[in-house]
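# This is the structure alone, sequence omitted:
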């Protein structure tokens, strides 16, 4: 009898998050204030984030306890199953074993909820009544709206106007979960009105939406805070629940991965799975190949510059030492909206820079080919972002077929593609375009990034 | 610690289906041949269905073993979790315990796959290479395409033209799973060409799509068969896996339902949950309130005539003794497409007629109100069909609040609503219309149904 799903006893769900900071090979360079370029202090962040999250952002503790109320909320859908892709293995004819952590069963359909719940909770504890955020593809807006709903908080989502119009189903989903969704730029903020005055026909951008969401928090006088769904250390921390569970699940069947794979935009689902294995492998003296997968159209880790850069177009966020394609980079309109980010989490960047982890990039046609194959064999239709991880896992399994090695491959099935069927339609009808990064972009990035010595 | 999910050990998954036929209070009236009105024989069905399914259709065995290959396919997603709706209970302030069987985790997003896999398998065993079917809302077309994919068979889905155009995401999903999808009426069949000649602008109907799918099977000379996703005895049989699992799960926590609820169109998800509890309760001498829930716009069980009627508009299917609104009834365009059927499974009809089970009907606005409430507390966005079951479960729980009774309520969460967000959009923006059945319809039905003495 095949055990497709390896369930973790709910009583054994980890009750702490893993913090990679003390396990890093050396100290990371500090974030810098965007105006003064001096190392950032907790006070600099306090108008935007509540103190418990700022403390987590800066913590050097190896583990941070998960409060009981978050555990109870996690229990609504966690532990998520670890699955063995027997049917895909068979179709590929590979001696490799392919496992995936199925985060597509999470509320809202992606791993984002793991930090959505945590951020809502810690804000609520800090006396905050409302959270604001931005969303592009919509996964993060969905996740935060569910998190806020769970703790009786208001949620306002600034949704990039072009997504608001082109993805009405995502918008309706966020509204179903009780959040207020506004097309950005909107006339509800000063910055939004300025963007509209500049260009009444603008379709918006993540940069503009961030500006609006942050403005509402800053001007609220303390009742409202801003929430970010990736990039920051405390987001990687909350997502570590994925890898901690997978570790326990692999252990329960006497397995350990040779290869750990995740798609990588801001870095949160990749880090969520990979970081706990990184720490554990270090302790055991095991060698694990960690692979972050990105699109060739937005190859931050594989071709970006390692430098201090802003997180947003408007240069209002702290400067982080990271791989970047330049804060004013506008990636092509590929369907993996969650991977269209110029930068990446500083912790992921640091590990790739120090050759502790590596990155690969794929164009979207092979990604969708792998995704359709996966759907037909494993029955789950993956999100376009997730398809990148699948594509790399298939490639690694095919390498094993050639070499005869029976490697154990683990990847993060970070989300389903139920709200991305237009992308599948485009692929199936042969209309998907592949993109490679123009060399010009890197020159422009070099000109645009601030001159800070790393 | 709250156990939201009650998982069944995969080793304890039932390896048989439950057949209600021998447990019925008396013998059912036989299906009749549409032309001769004589009791139907196995031979009459053999041009359309393979013999193993015809045998199941007519079987009086109490249990039928599930073949190993179907068990292996089921194990990809089964056992599905039984869940306790703690958060919904709390929000309602009810002393009732609310449990739901979560079939929304099934491949394709609904319970339909349970019979999709079984039908594909038995056809394959019988030497069939291709299945044809019709689909309206799209759940069934999705399920059969996955079933065929699993056993390496071709699948052709005739999709009602208006759905083909209005639900491109469902169509793409079916194509992603490898099936050939045609807008019906199509020019690939004689009947389709006749419908188009009659009315080139027709938006199609389930009746027309059935005619095309059946024609392809009949004319194939034996390589191709037709497949139906509800109504028939063998479909109820395959869906019994839902109730058998739920029975084992309830038992594992020392619970037994006072009330069992499912939405009811053709009857398959309702029967799937309810029938095994019906047989079990009879054995134990327990009293269970079984509630089938339908829309007021298509109130087959609550207001239909109990009479022999055809399954399709074109009068090509066998005559079944059932509740019917007339085979030419065209229900209003409510969003619960799966509940827009003029008839119902004869076994469900028989049990309701004999007061062993009961039926209630709701308009769609309260159904969506309950669905949104459910989504906000339980995080799952239900299908519009499923919303009917939730609405009834909430009503039963609120009755308990009034009476102070701590009843145990169990309903079938038959599917998710990820491909039905336009319905939620319409509800949230106040644009949903409620319908009551026009008395005229029943008079017309009485005129149209064939004069057969039951």
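Happy to help now that I have it. Small disclaimer: the values here were computed from a predicted structure and weren't measured.
# Low-confidence bits of the stretch 301-450 of chain A, can you list those?
For the stretch 301-450 of chain A, no stretch is flagged by pLDDT under 70.
# hmm, try it at 80
For the stretch 301-450 of chain A, applying pLDDT under 80 flags the ranges A:313-314.
# and it, which residues reach chain B?
Listed as neighbours of chain B in the stretch 301-450 of chain A under the rule CB under 8 Å from any CB of the partner chain: A:372, A:375-376, A:378-381, A:418-419, A:421-422, A:424-425, A:428. Where you see a C-beta, it was placed from the backbone N, CA and C, and this is true even at glycine.
# Of these, which pair is most distant in space?
Distances among those were taken as CB to CB; the most separated pair is A:378 and A:422, at 21.8 Å.
# Looking at these two, which one has more neighbours?
residue A:378 (24 against 15; other CB atoms under 10 Å in any protein chain shown).
# and the gap between that one and residue A:307?
From residue A:378 across to residue A:307, the span is 40 Å (CB to CB, to the nearest Å).
# mind listing the helices for the stretch 51-200 of chain A?
A:51-58, A:68-74, A:86-92, A:113-125, A:139-150, A:161-166, A:168-176, A:190-198 (DSSP state H, counting those that start in this stretch).
# Need those helices in a markdown table (columns: mean neighbour count).
A markdown table is the format used below for the helices of the stretch 51-200 of chain A (neighbours: other CB atoms under 10 Å in any protein chain shown):
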| stretch | mean neighbour count |
| --- | --- |
| helix A:51-58 | 19 |
| helix A:68-74 | 19 |
| helix A:86-92 | 17 |
| helix A:113-125 | 26 |
| helix A:139-150 | 28 |
| helix A:161-166 | 18 |
| helix A:168-176 | 22 |
| helix A:190-198 | 16 |
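# out of those, nearest to chain B?
helix A:168-176 (3.9 Å; CB to the nearest CB).
# ok, is that closest one in contact with chain B or not?
Yes. With CB under 8 Å from any CB as the criterion, chain B is reached by helix A:168-176 at A:168-169, A:172-173, A:175-176.
# before we move on, could you check phi and psi at residue A:263?
As for residue A:263, its main-chain torsions (degrees, to the nearest 10) stand at phi -70, psi 160.
# In contact with it, which residues?
The contact partners of residue A:263, by CB atoms under 8 Å, 6 or more residues apart in numbering or on different chains, come to A:269-270, A:292-294, A:336, A:338-339, A:385-389, A:412, A:414.
# partners of it in the sheet?
Assessed by DSSP bridges, residue A:263 has beta-bridge partners residue A:293.
# Let me know the closest of the contacts of residue A:263 to chain B.
Using CB to the nearest CB, the contacts of residue A:263 come closest to chain B at residue A:387, 11.8 Å.
# Quick check: the closest residue to that closest one other than its chain neighbours vs residue A:380, distance?
Closest residue to residue A:387 apart from its sequence neighbours, by CB to CB, 6 or more residues apart in numbering or on different chains: residue A:371 at 3.8 Å. Distance, residue A:371 to residue A:380, using CB to CB: 10 Å.
# One more: residue A:336?
Taking CB to CB as the measure, residue A:336 falls 17 Å from residue A:380.
# Which one's more surrounded, those two?
residue A:336 (25 against 22).
# residues in the stretch 51-200 of chain A within reach of chain B, list them.
Contact residues, the stretch 51-200 of chain A versus chain B (CB under 8 Å from any CB): A:72, A:75-77, A:87, A:105, A:107-109, A:146, A:149, A:168-169, A:172-173, A:175-178.
# residues near the nearest residue to residue A:129 once chain neighbours are set aside, how many?
Closest residue in space to residue A:129, ignoring its immediate chain neighbours: residue A:223 at 5.3 Å, by CB to CB, 6+ apart. Per other CB under 10 Å, the neighbour tally for residue A:223 reads 11.
# what's near enough to touch residue A:223?
Counted by CB under 8 Å, 6+ apart, residue A:223 has contacts A:128-130.
# Quick check: phi and psi on it?
Per degrees, to the nearest 10, the backbone of residue A:223 is at phi -80, psi -20.
# and it, how far is that from residue A:127?
Taken as CB to CB, the span from residue A:223 to residue A:127 is 8 Å.
# Could you name every residue contacting both of these two?
Residues touching both residue A:223 and residue A:127 (CB under 8 Å, 6+ apart): there are none.
# ok, the residue sitting nearest the centre point of chain A - contacts?
Central residue of chain A (CA atoms, centre = their mean): residue A:268, 3.4 Å from the mean position. Residues near residue A:268 by CB under 8 Å, 6+ apart: A:111-112, A:115, A:229-231, A:235-236, A:239, A:345.
# try residue A:151
Taking CB under 8 Å, 6+ apart, we find residue A:151 in contact with A:69, A:120-121, A:124.
# same thing with residue A:372?
Neighbours of residue A:372 in contact, by CB under 8 Å, 6+ apart: A:424, A:427-428, B:176.
# Mind picking the two most distant members of those residues?
A:427 and B:176 (8.9 Å).
# ok, the residue nearest to residue A:379 when sequence neighbours are not counted - how many residues close by?
Leaving aside its chain neighbours, residue A:379 sits nearest to residue B:107 (3.5 Å; criterion: CB to CB, 6+ apart). Neighbourhood size, residue B:107 [other CB under 10 Å]: 24.
# Assess the claim that residue B:107 and residue B:113 are in contact.
Yes. Residue B:107 lies in contact with residue B:113 (CB atoms under 8 Å); the separation is 5.2 Å.
# any shared contact partners between the two?
Residues touching both residue B:107 and residue B:113 (CB under 8 Å, 6+ apart) are B:77, B:143, B:146.
# which of the residues you listed come close to chain A?
When contact is defined as CB under 8 Å from any CB, those meet chain A at B:77, B:146.
# which of the shared contacts of residue B:107 and residue B:113 lies closest to residue B:285?
Distances from residue B:285 to the shared contacts of residue B:107 and residue B:113, taken by CB to CB, are shortest for residue B:77, at 34.2 Å.
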